[in-house]
Structures are given as structure tokens and as C-alpha cells.
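Asker: for reference, the sequence and a predicted model appear below.
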Amino acid sequence: MYSSTLIKIDMNVNYLVVGVIVLVLLILLILFLKRNRKDEKELRNDLNQNELEEEQYKEDKA
């Protein structure tokens, strides 16, 4: 009887640990996706700025 109680307690702890790990992974995934979108936006802005500078340079040369 004592061993079955010990197993039930152990399983509850495992579910708690699994829940915490899943929560941490979800938080990390959300932070990663936010950072990725921010980096993508910065890259687009940089590429657009470089393209505008190249066009302006070509117009000034002509």
C-alpha cells in the first residue's frame, strides 16, 4: 500500500515537471517568433534603404 502511494505522488510530480517544461518551451517559442519578426522587419528596412541609396547614387551620377 505504501508503494502505490509513492508511485501516485511520483506521477503527480512528473506531470508538474512536464507542465512547467511545456510552459517554458511555449514562452521561448513566442519570444523567438517575436524576435524573428523584428529581425525580418529590420532586414527589410535595411534592404529598402540600400536600394534607395543605390537609386539615388545612380541618379546623381547620370
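Answerer: That came in fine, so what should we check first? Keep in mind that this is a model prediction, so the values were computed, not measured.

Asker: rounded mean pLDDT for the helix or strand containing residue 20, please.
Answerer: Secondary structure assigned from DSSP states H and E places residue 20 in helix 2-61. Average pLDDT, helix 2-61: 82.

Asker: extract the C-alpha trace of stretch 22-35 and format it as CSV.
Answerer: The C-alpha coordinates for stretch 22-35 follow below in CSV (Å, rounded to 0.1, in the frame of the first residue of the first chain):
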residue,chain,number,x,y,z
VAL,A,22,5.9,22.8,-21.8
LEU,A,23,5.2,26.2,-20.5
VAL,A,24,8.8,27.3,-20.6
LEU,A,25,9.1,25.9,-24.2
LEU,A,26,6.0,27.9,-25.3
ILE,A,27,7.3,31.1,-23.8
LEU,A,28,10.7,30.6,-25.6
LEU,A,29,8.9,29.8,-28.8
ILE,A,30,6.8,33.0,-28.5
LEU,A,31,9.9,35.1,-27.8
PHE,A,32,11.8,33.5,-30.7
LEU,A,33,8.9,34.3,-33.1
LYS,A,34,8.7,37.9,-31.9
ARG,A,35,12.5,38.3,-32.3
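
Asker: how near is the residue positioned nearest the centre of the chain to residue 39?
Answerer: Computing the C-alpha centroid of the chain and ranking residues by CA atoms, centre = their mean puts residue 32 first, at 1.1 Å. Going from residue 32 to residue 39 by CB to CB, to the nearest Å gives 10 Å. C-beta: built from backbone N, CA, C; applies to glycine.
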